[in-house]
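**Q** Fold the stuff below for me.
(2 chains)
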Amino acid sequence: MKRVASLLFIVALAVLLLYVVAGMPPMGDPDNPTATHVIPRYLERAEEETHTVNVITGIILNYRGYDTMGEVTVIFCALAAVLAVLGRERRGVIHGFVDRSEVPSSTIVKTMVRFMVPFIILFSVYTILHGETSPGGGFQGGAVIGGSMIIFTTIFGLYESSRRIPLKVRASLEGAAVMGFFLVGALGLVGGGNFLTYAWPRVSRSLHPSLVVWLTVLVEVGIGLGGAMVLTSILFAMIREEEEIAPSS
Amino acid sequence: MGAWRHFPIFMITVPLLGAVLLPFLGYVRERWVPYAALLPLGTSTLLGILLIGRIPSDGYLSYHMGGWEPPFGIEIRLDYVGLFLMLVVCGITFLALVYSRHYIEKEVSGGRRTAYYVLYLLMSGAMLGFVATGDIFNLFVFMEILALSSYALVAITGNRNAVRAAFKYILMGAPSSIMVLLAIGFLYSVTGTLNMADLAGRIAESGYTEVLIVSYILLVVGFGVKAALFPLHMWLPDAHSIAPSPISALLSGLLVEVCAFALVRITFSIFTLRASDLVMGTADAVGVAAAAAVLYGGIMAILQKDLKMMIAYSTVSHIGYIFLGLTAFTAEGLTGAMYHMLDHGLAKACLFLCAGNFIYLKGYRRIEDLKGAWSQMPWTCFAFALASLSVIGIPPTAGFISKWYLILGNVEGGKWLYAAVLLAGSILAAVYCLRVLYYMFFQAGKEGAWEEYWHDAPPAMLAPVWALSLATLFFGVFSSLLIPSLLKAATYLL
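**A** Okay, here's the model as predicted:
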């Protein structure tokens, strides 16, 4: 009965959605409402108004910065949810027992990882700092740092890894993305604009471009650091859970 | 334009900022976290109070984020009704947070306590942002935070039942979020804008195409799940009764209502009313569902043996009330619905916190265990009684006022049957509430169930309970403070 009902529901939903797709404006048509209403202004004036060559960055950090502030809060919320269910890795206890997260691996692998990780992080720093002029940005760079931490942790184990990025650092930087947005938003008020105003009305015109770019970079750095810390903390929390299940010797 | 213009945005962002600062405090001094968490919510409440009277009652406050004018940037649009609901959210979240400290120390194990407060602040901030926004994608963003934090808060005690309830909640909640997102995508594809006011204008120009009809239906179903409207309420009883009591209070007293309010915003400010058969047709369907919810919730509440389960089913019934007020499409009906959001929020939060007191002190969850409870916990029992009166709708409590307007609104709209359903719902509420009160006050407890002497909950748990129950009385006696401006705002919406 339940199965039939859910099947019927899914079929009904599918029919409904297909019906909508049939009624939607043709894809790629330059006369679509999506291409004629809001987008032209973004494409034509984003560079001059937000001082970012990368229009996407201009949209997500500036025109729709408030949405992005919400999204970084979602990421932070995901971490809080993981910590609520799994709890943090225990401080200081890691010394006490065998670290089971370490996979025995050869010297070659260890050396390669030791060699690669700094370069991966360097690359991510580049991605973060040049988000406003080239593809990339805080989200991507932060994810790359998080990825490098996953590689490092699988090879060297939780103990080594959490020595590199201790809880103290993570606890203070996990919210860096939201803090960055809040800081820039509040500075916007000081500069005489609304919340999240990058181009301060009160500051002289000559200062504008560099100021806007610096504020954009500040937000990008916040997103990158925050994202990286959140990913790392989620990773560590999940490792601890596995250790607890395994009988400690 | 003074500095108060910026208050709404700080009401929203200060709790979010507080949430991201708490993990550090949790690392340095975990003991201070419960007190520090009060600070951002207190600030929001204060800012909200300072905003009273600043917003024109027949208009709204429009705030352009980043200084970009609406269709290009994001707009915060706060009318009188929105501010009213934001204040309700601030007040109740603040009180339930005061209540949380003792309760959480007992129910939630050490390392997770900071996470509790973090999620709590995220949820409060998200509710505030959700109510105030004038941009439909922004609405979705806050809905994400709201959903994510509430799933985790239901599961936070970590026991098997809690995790199962949270999982059920996710299974219902995630598809509903997807439906809302799809609908927003459809809307964007045919109008090219995300701003609610702009959407309304562009829809009026283009007329109601299939895409718009389907996206409206998706929005109604999506938010219907979040607001637990009758056939979509399956997740509610488990999630609301198993969550820690302060969270039950928030979920039942605020979250479902905020989601109902989002549907109101969408109906009134995007798919402008009456202009289309679409809205009216859907409204008829929603009306039937809501009437069914009133009766079903009431009957199920009577059948429950578990106190929190009973209160949760009562919420199903009361969501029906709110929707019946909305589908009446009269100023009185809308006013009743808005006022019902207030008094249901207060009363339901109070009931859940009272139930929390019993669980905290005695571990009693079943209604039968409450026989003779008042001999030991009179303060809790009297607060429970007062809030119950409001749930039933007995004067002079606020519940009476809102039900009066709800019935009046339905009669004015010519919906006699719904008016009768509302009355029947009150009778059902009287049955399930009075039974508990009868057990509490007029039955002798089992041997050894209660000690002879008074041993009520600590003051930090009683004060919020009493503040809430007295508030239901206050808003019942002094309803003239709010009703005229709500009526004006409702007429403006229609």
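**Q** Every contact and neighbour count from this point should use C-alpha atoms.
**A** Will do.
**Q** Kindly provide the distance from A:Thr73 to chain B.
**A** Per CA to the nearest CA, to the nearest Å, A:Thr73 is found 7 Å from chain B.
**Q** That residue: how many residues sit nearby?
**A** Around A:Thr73 sit 26 other residues, with neighbours defined as other CA atoms under 10 Å in any protein chain shown.
**Q** who's in contact with it?
**A** Residues near A:Thr73 by CA atoms under 8 Å, 6 or more residues apart in numbering or on different chains: A:Ala177, A:Val178, B:Leu16, B:Ile145.
**Q** roughly how far apart are the last one and B:Ala152?
**A** When you say that, I think you mean B:Ile145. 11 Å (CA to CA, to the nearest Å).
**Q** now the second one
**A** Taking CA to CA as the criterion, A:Val178 is separated from B:Ala152 by 20 Å.
**Q** what comes up buried for the lengthiest helix in chain A?
**A** If you go by DSSP state H, chain A has its longest helix at helix A:208-245. Neighbour counts over helix A:208-245 (16 or more other CA atoms under 10 Å in any protein chain shown) mark A:208-209, A:211-213, A:215-240 as buried.
**Q** can you narrow these to ones near chain B?
**A** Restricting these to those touching chain B (CA under 8 Å from any CA of the partner chain) yields no residues.
**Q** quick one: low-confidence parts of the stretch 51-200 of chain B?
**A** Scanning the stretch 51-200 of chain B for pLDDT under 70 picks out the ranges B:57-58.
**Q** Quick one: end-to-end length of stretch B:447-467, please.
**A** End-to-end distance (CA to CA), stretch B:447-467: 33 Å.
**Q** buried sites along it?
**A** For stretch B:447-467, burial by neighbour count (16+ other CA under 10 Å) applies to B:Ala449, B:Trp450, B:Asp456, B:Ala457, B:Met461, B:Leu462, B:Ala463, B:Pro464, B:Val465, B:Trp466, B:Ala467.
**Q** what about the residue nearest to the first one when sequence neighbours are not counted, how many neighbours?
**A** Meaning B:Ala449. If you skip the residues right next to it in sequence, B:Ala449 has B:Asp369 as its closest partner in space, 7.7 Å away by CA to CA, 6 or more residues apart in numbering or on different chains. Counted with other CA under 10 Å, the neighbours of B:Asp369 add up to 21.
**Q** Let me see the ranges of the strands in the stretch 1-150 of chain B.
**A** Taking DSSP state E, counting those that start in this stretch, the strands of the stretch 1-150 of chain B run over residues B:60-64, B:75-79.
**Q** Residue numbers of the stretch 201-350 of chain B in contact with chain A?
**A** So the stretch 201-350 of chain B meets chain A at B:Thr209, B:Glu210, B:Val211, B:Val214 (CA under 8 Å from any CA).
**Q** I'd guess the last one is in a strand, am I close?
**A** No - assessed with DSSP: H, G, I helix; E, B strand; the rest coil, B:Val214 is helix; it does not lie in a strand.
**Q** Contacts only, for it.
**A** When contacts are counted by CA under 8 Å, 6+ apart, B:Val214 touches A:Leu16, A:Leu17, A:Val20, B:Ala183.
**Q** quick one: secondary structure of the last one?
**A** Put simply, B:Ala183 is helix when judged by three-state DSSP.
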